[in-house]
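*Asks:* coords please:
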Amino acid sequence: MEARFPGHRLLPYILIFPSIAVIIVFLVVPFVQAVQQSFYRTSPFGTTTLFVGLDNYAQLFSTPEYVRSLLTSVGFAALVIVGGLAASLGIAVLVTRRIRGVGFYQVAFIWTYALSPAVAGIIWALLFDPAVGLGTYVLYRITGYRINMLVEGVPALLIAAAAAAWNMLGYNICFYIAGLQNVPREFEEAARVDGAGPWRTFWRITFPMLSPTTAFLLFVNMIYAFFQVFGLIDIMTQGGPGGATEILVYKLYRDGFIRLRVNFASAQSVVLFLMVAAMALFQLRVATRRAVYSR
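*Replies:* Residues are numbered from 1 along each chain as shown. Prediction:
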């Protein structure tokens, strides 16, 4: 440090101090407090506090409502991640072709990421409103089925997942376009010379070259699907109908701020963090090991 900043030994530490302070104050301290609170049981108004050890954690997995929310979260995340990345990759491949107006199409698909999840929730809630929604009307005209996400659980979950994936579409497309532009054309041309068709060339040559990009996007989309869709769910369904879209982060909010079960919600937050951290580490370990970094 001193060699890079001669005469200013403390300057590097002063420069990074604001970032470290923000992380400690807004991330580390609340997490420590949540872990501490998860071992206690407090009355709704905080007048009585009782140490209960692991009781809150045991109660989590013995509660059918929480188990259902856990399974809903996993299913919702799978739909958002797999569906969103597949659609993003397909669109990115199309908009990198040599077609007229390709710049316009690239911008048009990327803009969705500029919207917050809450705004995306408003758009999709209006689009699939049972009474006046354009999406509801078009779907009825095509299939004869009148969808109602306010009373039907499975359609509500599918629409919420589609809205979440659509919100991340621009972000994913942007990275996939960058990845596709870095794929050496010589490899694709060599595959075509050897007689490989477009489909085989894509899966054997192009897609493996995109593995670092895909590994990164898998991680980012998983964090998004588990943590950052609260506003979208709150606007669209508020966890309904009948808890069909009550993912873990929304159940945590309801238990902590509406039902005032603060310690139970703290235990949920710790379990959610550990679960997502374990999945992220496993995913990064496997995806990084199989990723093709050499060109």
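*Asks:* Which parts of the stretch 101-250 of the chain are helices?
*Replies:* Using DSSP state H, counting those that start in this stretch, the helices of the stretch 101-250 of the chain run over 102-110, 117-127, 134-143, 153-181, 185-193, 198-201, 207-209, 211-227, 230-236, 248-253.
*Asks:* tilt between the longest one and helix 134-143?
*Replies:* The reference is to helix 153-181. With axes from the mean of the first three to the mean of the last three C-alpha atoms, to 10 degrees as the basis, helix 153-181 and helix 134-143 are set at 100 degrees to each other.
*Asks:* on that earlier part again, tell me which of the helices of the stretch 101-250 of the chain sits nearest to R261.
*Replies:* Minimum separation from R261 across the helices of the stretch 101-250 of the chain (C-beta to C-beta) falls at helix 248-253, 10.1 Å. No exception for glycine: its C-beta is placed from N, CA and C like everyone else's.
*Asks:* what residues does that closest one touch?
*Replies:* Residues from elsewhere that reach helix 248-253, judged by C-beta atoms under 8 Å, 6 or more residues apart in numbering: 65-66, 69-70, 73, 226-227, 229-230, 233-234, 238-239, 265, 268-269, 272.
*Asks:* buried residues in stretch 192-207?
*Replies:* For stretch 192-207, the neighbour count (16 or more other C-beta atoms under 10 Å) marks A196, T201, F202, I205, T206 as buried.
*Asks:* now it: mean pLDDT?
*Replies:* The pLDDT scores in stretch 192-207 average 80.
*Asks:* same deal with stretch 55-73?
*Replies:* Across stretch 55-73, pLDDT averages out at 91.
*Asks:* Make JSON lines from the helices of the stretch 101-250 of the chain and add distance to R261 to it.
*Replies:* JSON lines is the format used below for the helices of the stretch 101-250 of the chain (distance: least, C-beta to C-beta, whole Å):
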{"stretch": "helix 102-110", "distance to R261": "41"}
{"stretch": "helix 117-127", "distance to R261": "25"}
{"stretch": "helix 134-143", "distance to R261": "36"}
{"stretch": "helix 153-181", "distance to R261": "24"}
{"stretch": "helix 185-193", "distance to R261": "56"}
{"stretch": "helix 198-201", "distance to R261": "53"}
{"stretch": "helix 207-209", "distance to R261": "46"}
{"stretch": "helix 211-227", "distance to R261": "20"}
{"stretch": "helix 230-236", "distance to R261": "18"}
{"stretch": "helix 248-253", "distance to R261": "10"}
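*Asks:* and those helices, which one's lowest on average pLDDT?
*Replies:* Sorting the helices of the stretch 101-250 of the chain by mean pLDDT places helix 102-110 lowest, at a mean of 72.
*Asks:* ok so, going back, which among the helices of the stretch 101-250 of the chain is found nearest to L79?
*Replies:* Closest approach to L79 among the helices of the stretch 101-250 of the chain (C-beta to C-beta): helix 153-181, 3.8 Å.
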